[in-house]
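A.B. asks: Below: sequence and its predicted model.
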Amino acid sequence: MQRDQMEYDVVIVGGGPAGLSAAIRLKQLAAEQGKEINVCLLEKGAEIGAQILSGAVVDPIALTELIPDWKQKKAPVSNAVVADQFLWLTESGNFKIPNLLLPPLMNNHGNYIVSLGKLCRWLATEAETLGVDLFPGFNASEILYAEDGSVKGVITGDMGIARDGSHKNTFSPGIELHAKYTLFAEGTRGSLTRNLESRFNLRANAEPQKYGLGFKEIWQINPKNHQQGKVLHTLGWPLKNDTGGGGFIYHLEDNKIALGFVVHLNYQNPYLSPFEEFQRFKTHPAIKPLLENAQRLSYGARTINEGGLQSLPELIFPGGALIGCTAGFVNVPRIKGSHNAMKSGMLAAEAIFESLAKENADPLLKSYPEKLHNSWIWKDLHAVRNAKPALSAWGNVAGMVYAGVDMWMHSLGINLPWTLKHKKADHETLIPLNQAKPINYPAPDRKISFDRLSSIYLSKIQHEENQPVHLRLTSEDIPITHNLAIYGAPEQRYCPAGVYEIIEKDHKNCLQINAANCIHCKACDIKDPTQNITWVPPEGGSGPYYEAM
């Protein structure tokens, strides 16, 4: 197929905090040195920030390094944390965990409650002002390789293809974007990143990546219950001791709260539904009063990297690098990752700028992982490297005690000489249905707890029905002969959007994929027991449209 071509010095795939920070830093360095660097950034969402979902309590350290005068420029970062609370929930009560017992690194003093989507929109205006070409509504569907095997850019997705593969009247072929360097900032479980990991064996020395599935809702609550700047985190109920996760409530401006829940995806019980656990969480006596006579405004879900240092892949390959959550820089105990994502983008940008300044640029950005290893990202992740493996190995109670002691010792300058390992990938942890204890979830009351379909209505999904299904099965038989037979079709429960249904067709069970429901969380790509499901981007601009998540 004949395609148009565009030439750039750097192409960035993904308009989240990492990609935008890389673009801004490249342009800043070029301006400082009087150089010209052409940079473009692709974003699969309809606009920058439309598919960003995060808590989020942000450490402003990277933002301050990138744009020191962000306060004067009125960045949407103004809601400082004023109160920080940690609760352990039981079924009917709770225990407050004193802040003095928590390792200092978990303190939120100096941090801000933000909408990461709003922050990314603001960063996009900064990038455009510096001359970055932003292309929202365009996904990167394929990697371009040079004759020597190095990455030389990407192809944007074709538009106007029908479900059967034929070309509609609106057909428009994708464009080849050629670059000296390509940065991949796709977020968790990036589809092109997985191809790169396979082609260049980037995970050869890494342990399996670990994931959580995070839910978030925005609520308008009674002013009497609102305390702007308050942060609440919870552990315990409704999850059992062998299932990691917890809840959060962040008090925003204008009597709104961000309410969320995370379930670690290494859970074992195939009856478990992360979505239903989130609904149960909202009914707890410590949470429910906050939501009475309140209004739910939005809903979304997203997977989160949780593997830490042990799960980091090789970050570089000829012609490019991985940055942000596509590599996996989330600090699980701090419940933060955007500061590390931004810094990784900045470091990659600096490595690229240095390489382009040389007469013969090396296609391998060797200085990027060196810079990262010497940065505060590495210190941030090294301090907590044993927390997630401890929770996985010993459960929430013993795991939390060990992690707390480990992090306290690090805070006191005592670095333990060992690093715990992750044992299994998350798709390997389910036990057969006949060995599991059934879980009976209550029906939603439609006031505080809800079903999936009424929830995704608030995600404002934009999805053309007549396009190829972007959730691809290696085998159409496996969902029935394996998943249904052994695990009771767990995809019906781990999906937070009702994408997967077992239906009867021609007197046989079959898996129906409701692709238009997809909110791009990628839980299916991660948790499917046989890795039979592959998530790829749908037509550019498709998916949820989050205004302030």
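C.D. replies: Cool, the structure landed.
A.B. asks: Quick check: which ranges of the stretch 151-300 of the chain have low pLDDT?
C.D. replies: Of all residues in the stretch 151-300 of the chain, none has pLDDT under 70.
A.B. asks: Where do the strands of it begin and end?
C.D. replies: Here the stretch 151-300 of the chain has its strands, by DSSP state E, counting those that start in this stretch, at 151-156, 159-161, 167-172, 176-184, 211-220, 230-236, 245-251, 256-264, 295-305.
A.B. asks: just how off-centre is the shortest one within its chain?
C.D. replies: Using Cα atoms, centre = their mean, to the nearest Å, we find the averaged C-alpha position of strand 159-161 to lie 27 Å away from the chain's own average C-alpha position.
A.B. asks: Direction included, what does that strand pair against?
C.D. replies: strand 167-172 (antiparallel) (DSSP bridges).
A.B. asks: Can I get the partner strand in CSV? Just the C-alpha atoms.
C.D. replies: Output of strand 167-172 as CSV, limited to C-alpha atoms (Å, rounded to 0.1, in the frame of the first residue of the first chain):
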residue,chain,number,x,y,z
HIS,A,167,-12.5,-0.3,2.9
LYS,A,168,-15.4,2.1,3.7
ASN,A,169,-16.0,5.4,1.8
THR,A,170,-14.1,7.1,4.6
PHE,A,171,-11.0,5.0,4.2
SER,A,172,-7.7,6.8,4.8
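A.B. asks: Show me what the helix or strand containing E370 is packed against.
C.D. replies: Secondary structure from DSSP states H and E places E370 in helix 367-373. Applying 3 or more Cβ pairs under 8 Å, 6 or more residues apart in numbering; DSSP states H and E, one finds that helix 367-373 contacts helix 338-356. From N, CA and C alone the C-beta is placed, and that goes for glycine too.
A.B. asks: tilt between the helix it packs on and strand 176-184?
C.D. replies: Orientation check (axes from the mean of the first three to the mean of the last three Cα atoms, to 10 degrees): helix 338-356 against strand 176-184 gives 120 degrees.
A.B. asks: ok now helix 338-356, how far from the chain's centre?
C.D. replies: On Cα atoms, centre = their mean, the centre of helix 338-356 falls 19 Å from the chain's centre.
A.B. asks: Output that helix as CSV, nothing but the C-alphas.
C.D. replies: Listed in CSV are the C-alpha atoms of helix 338-356, where the atom choice follows Å, rounded to 0.1, in the frame of the first residue of the first chain:
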residue,chain,number,x,y,z
SER,A,338,3.7,10.1,37.3
HIS,A,339,6.8,11.8,38.7
ASN,A,340,9.0,8.9,37.7
ALA,A,341,7.3,8.7,34.3
MET,A,342,8.0,12.4,33.6
LYS,A,343,11.6,12.1,34.7
SER,A,344,12.2,9.0,32.5
GLY,A,345,11.0,11.0,29.5
MET,A,346,13.2,13.9,30.4
LEU,A,347,16.3,11.6,30.8
ALA,A,348,15.6,9.9,27.4
ALA,A,349,15.2,13.3,25.8
GLU,A,350,18.6,14.4,27.2
ALA,A,351,20.2,11.2,25.9
ILE,A,352,18.7,11.8,22.4
PHE,A,353,19.8,15.4,22.3
GLU,A,354,23.4,14.4,23.3
SER,A,355,23.4,11.7,20.6
LEU,A,356,22.0,13.9,17.9
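A.B. asks: Packing partners of that helix?
C.D. replies: So helix 338-356, by 3+ Cβ pairs under 8 Å, 6+ apart, packs with helix 17-33, helix 61-66, strand 176-184, helix 367-373, helix 376-382.
A.B. asks: Just give me the neighbour total for E465.
C.D. replies: Each residue near E465 was counted by other Cβ atoms under 10 Å, and the total is 7.
A.B. asks: pretty sure it is touching A516, no?
C.D. replies: Yes - in this structure, E465 is within contact of A516 by Cβ atoms under 8 Å, at 5.6 Å.
A.B. asks: just the helices in the stretch 401-549 of the chain please.
C.D. replies: With DSSP state H, counting those that start in this stretch, the ranges of helices along the stretch 401-549 of the chain come out as 452-456, 478, 485-487, 491-494, 523-527.
A.B. asks: Could you save those as TSV and add columns showing mean pLDDT, mean neighbour count and distance to C120?
C.D. replies: As requested, the helices of the stretch 401-549 of the chain are arranged in TSV below (pLDDT from 0 to 100; neighbours: other Cβ atoms under 10 Å; distance: least, Cβ to Cβ, whole Å):
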stretch	mean pLDDT	mean neighbour count	distance to C120
helix 452-456	98	18	22
helix 478	98	19	37
helix 485-487	98	17	37
helix 491-494	98	21	27
helix 523-527	98	24	22
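A.B. asks: closest to G34 out of those?
C.D. replies: The closest of the helices of the stretch 401-549 of the chain to G34 is helix 523-527. By Cβ to Cβ, the value is 44.5 Å.
A.B. asks: picking up where we left off before, between the helices of the stretch 401-549 of the chain, which one is nearest to A146?
C.D. replies: helix 523-527 (28.3 Å).
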